[in-house]
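Q: give me a model of this one.
(2 chains)
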There are 2 protein chains.
Amino acid sequence: MDVVLATLNANQPAALETLKSLLRIPSVSAISAHKPDVRHAAEFVLNHLASSGLTTELVETAGHPIVYAEWLKAANAPTVLIYGHYDVQPPDPLDKWVTPAFEPTVRDGCIWARGATDDKGQMLTHVLSVAAWLKSTGKLPINVKFVIEGEEEVGSENLDKFLNERKEQLRSDAAVVSDTSQYAPGIPAITYGLRGILACEVRVHGPRQDLHSGLFGGAVTNPANALARLIGSLHDSQGRVQIPGFYDDVQALTESERSGFAALPFNSDGFYASVGVKAGWGEADFTAIERSWARPTCDVNGMTSGYQGEGPKTIIPSWASAKITCRLVPNQDAHKLAISLKEFLTANCPPGCCVEFIEQHGCPGFVADTSSPFMAAAKAAIKSAFGTEPALIRSGGSIPVVATLKQILDIDTLLLGWGQTTDNLHSPNEHFSIADFHKGTLASACLWQEIANRACL
Amino acid sequence: MDVVLATLNANQPAALETLKSLLRIPSVSAISAHKPDVRHAAEFVLNHLASSGLTTELVETAGHPIVYAEWLKAANAPTVLIYGHYDVQPPDPLDKWVTPAFEPTVRDGCIWARGATDDKGQMLTHVLSVAAWLKSTGKLPINVKFVIEGEEEVGSENLDKFLNERKEQLRSDAAVVSDTSQYAPGIPAITYGLRGILACEVRVHGPRQDLHSGLFGGAVTNPANALARLIGSLHDSQGRVQIPGFYDDVQALTESERSGFAALPFNSDGFYASVGVKAGWGEADFTAIERSWARPTCDVNGMTSGYQGEGPKTIIPSWASAKITCRLVPNQDAHKLAISLKEFLTANCPPGCCVEFIEQHGCPGFVADTSSPFMAAAKAAIKSAFGTEPALIRSGGSIPVVATLKQILDIDTLLLGWGQTTDNLHSPNEHFSIADFHKGTLASACLWQEIANRACL
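A: Alright, predicted model coming up:
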């Protein structure tokens, strides 16, 4: 173990260069023009795993390829599936970046680039820890199977097929995913719950083309007004979602969860100030932590309609569109909700317009058992690397693969986040602490030993 | 008179070439990059008037220049101010044009280009009729003063200053404006009423940058949802505007106006089918004609927020914006309404967001006296050129200068429209019937004689 940690400590500059090289590749899975870049990122990860001594395969899918790698020479030891993703969110708005999104830059102890923390940096900690074990000892204390995909940011459409088809090959005792955050600087965490998601687009169609708002206004239904009215009706004045049945299947928070969350250090004013607002808004009966970790939402991610250029243009637009995501909690079902939402919008659309509803992707929420031996191993590994016990938290984000791994392989996932919530994931100026990048790599190296120690079979 | 009409009949091909040359100039006043084109269009009109024998001046303003031209040699005859505009609406969405917006093309008896009818084509009828009078007779039966501006599509911001400063020079007995439409093909019309306008932009500001909708959704107020909610609250379920006091100053329609409108041929199904929708929506107590001619509205012209690219992006956008225009009727006041709207939006904005309200421009609605001698002259001129009595109608559009001319020069305006409501004003594929372009020019030539005949002083 010590020689592994020594290797990792000595190789920090090289590890950072590896991360920078990967961050330079603009692997934006949502934008078709970046398709070659996405493949380039996959090959980069694959080559790194192959040269570290793992058996690798670039698995083609209907979309972006999946990187698979395995090392299975630890007889009678547990097998861990390590999942991550090499694709990233779109970088826009580009003009808000201090340094360009795909020109990784070091400043203030962090590396700044799209994907720095979500998920290239966090995913690499496991690649680097496995490489360090093999380099310095020639073996690993457990067996590992890497599944690094390229469609996480667009709904992992082709991952399920892969997991189903390779079910036997992928059989493992637990999964490890680093795509979450610490609770706060100095408070590492294990995330035992995630929200699910329903992503969709709503288009309201009106006149066949833009019309003069003077000549037609009042007689012809305005699709931008209609869309706004529909979106406005999704919440009541207290922020409660009004889609019929929306809360029917929601798993309530336990009293111990609520008291656990309440005991965490949380400065409400500081939280809101950190994002530049004075206050929040939402379900009155829940705290801000509860609302963002364990309550479902219905958020508009983008809207577009009519004239968006300089100055006025007096038209009734032909159509209006909104991208909407609902964050879900156990036991809400994304597709069932999509049907309710579509029916609600269609039923309330005014005459003269019609609703087109595009269901993009969905996944359920997740809550893990916090008393498993794998959880104990993770606690010990994090304590070794970070010097403090991790907090048990939930996250409002969605990692669809966690539900899929449970469903297909019947394994639990350890969600071990090395980043911070303030790392600007999905925002301009995404970054990742270089110290946390290194501690995460050390914790990963310890984790393989801690799991072996507990013989979690 | 006959020699003037003969000249106009003989010169039809040249007149069409003149219009095409003017239409080729992309004089989009809203877009600063087109500033040189806007000036180019002004110079084109100025040169045409100068070479026809008028005294001309290109009047500089803080924005786009005003073309002024006069011929004042008809002693003891009335003086008519002819207003028009040489600027045009933005051409987008560009991909909807069958032939490019600034490459005028003749097909199906029409000329197709941005500005064909609004207002280059209609404005030119008066330039051409005056030129024909001077060319064929060396004089005009009345005195004329042309005021052709370049900021009509962006609120005529600098016109009032010009009209106020030149008040003495511009003194006239009536104004003539061709920037409206016939009622329908074969039913020429005099428009005796117009709607006013308030144009504004509403921006809702939330977090300082786009945020991850999983990590922050539920805790942080979403400005796109907030804007939609605010816009949705502008109307009740019956389409009645909910801004406090919105209808307080509205001048009611008279019974004779309502019966006059009801007597006009109007095929509701055909009207809605012509714009590609199945039905309308709006104040239940008024017909579609009444709602679009004589009732105020509140329409969104464009909306923008967050991610609008391909695929999903799971963010809470930092801000959301809507361009809004209210069409006004006598005696609503645009600025008073702007204050009410701003207060309404600000008061209803949820915590965690704030409203920025930008008042762009405004003008009141207008209703003219239908029994004046100028009105009689216009009826006679139109009957001569079109072979039928014009209908007396109102229009839902706004021509701010009409109210300004009344206020500053104390003159009424004859609104003589030669185009059709189906000419796609402000839309892709704007066009103008070549036959109506010619008949309008003939009617204009007759109008100067009919006014002189009635010695409308």
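Q: give me the pLDDT value at A:Leu457.
A: Model confidence at A:Leu457, given as pLDDT, is 55.
Q: contact partners for the residue in the stretch 51-200 of chain A positioned nearest to chain B?
A: Among the residues of the stretch 51-200 of chain A, A:Ala199 lies closest to chain B, at 4.3 Å counting by Cβ to the nearest Cβ. For the C-beta atoms, the positions are set from N, CA and C on the backbone; glycine is no exception. Residues near A:Ala199 by Cβ atoms under 8 Å, 6 or more residues apart in numbering or on different chains: A:Gly155, A:Lys323, A:Ile324, A:Thr325, A:Gln360, A:His361, A:Gly362, B:Pro312, B:Thr314.
Q: name the SS class of the residue nearest to A:Val98 when sequence neighbours are not counted, please.
A: In space, and not counting its chain neighbours, A:Val98 is closest to A:Asn429: 5.8 Å by Cβ to Cβ, 6 or more residues apart in numbering or on different chains. Assigned with DSSP: H, G, I helix; E, B strand; the rest coil, A:Asn429 falls in the coil class.
Q: restricted to strands, list the contacts of A:Ala199.
A: Secondary structure from DSSP state E places A:Lys323, A:Ile324, A:Thr325, A:Gln360, A:His361, A:Gly362 of those in strands.
Q: so the fourth one touches A:Val202, yeah?
A: No. Between A:Gln360 and A:Val202 no contact is recorded; they are 10.9 Å apart, counting by Cβ atoms under 8 Å.
Q: neighbour count winner among those two?
A: A:Val202 (23 against 18; other Cβ atoms under 10 Å in any protein chain shown).
Q: torsion angles phi and psi at the more buried one?
A: With angles defined as degrees, to the nearest 10, A:Val202 sits at phi -120, psi 120.
Q: before we move on, the earlier item: what's opposite the residue of the stretch 51-200 of chain A closest to chain B in the beta bridge?
A: When assigned by DSSP bridges, A:Ala199 has beta-bridge partners A:Thr325, A:His361.
Q: quick check: it vs A:Tyr183, distance?
A: 27 Å (Cβ to Cβ, to the nearest Å).
Q: repeat that for A:Cys349.
A: 43 Å.
Q: what does A:Pro65 give?
A: Separation of A:Pro65 from A:Tyr183 (Cβ to Cβ): 34 Å.
Q: report the contact partners of A:Leu264.
A: A:Tyr183, A:Ile289, A:Ala391, A:Ile393.
Q: if we check chain B, which of the residues you listed are in contact?
A: Counting by Cβ under 8 Å from any Cβ of the partner chain, A:Ile289 from the contacts of A:Leu264 sit close to chain B.
Q: now the contacts of A:Leu264 in CSV, with pLDDT and secondary structure?
A: Shown next, in CSV, are these (pLDDT from 0 to 100; DSSP: H, G, I helix; E, B strand; the rest coil):
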residue, pLDDT, secondary structure
A:Tyr183, 93, coil
A:Ile289, 95, helix
A:Ala391, 92, strand
A:Ile393, 95, strand
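Q: and the contacts of A:Leu264, which is closest to chain B?
A: A:Ile289 (7.5 Å).
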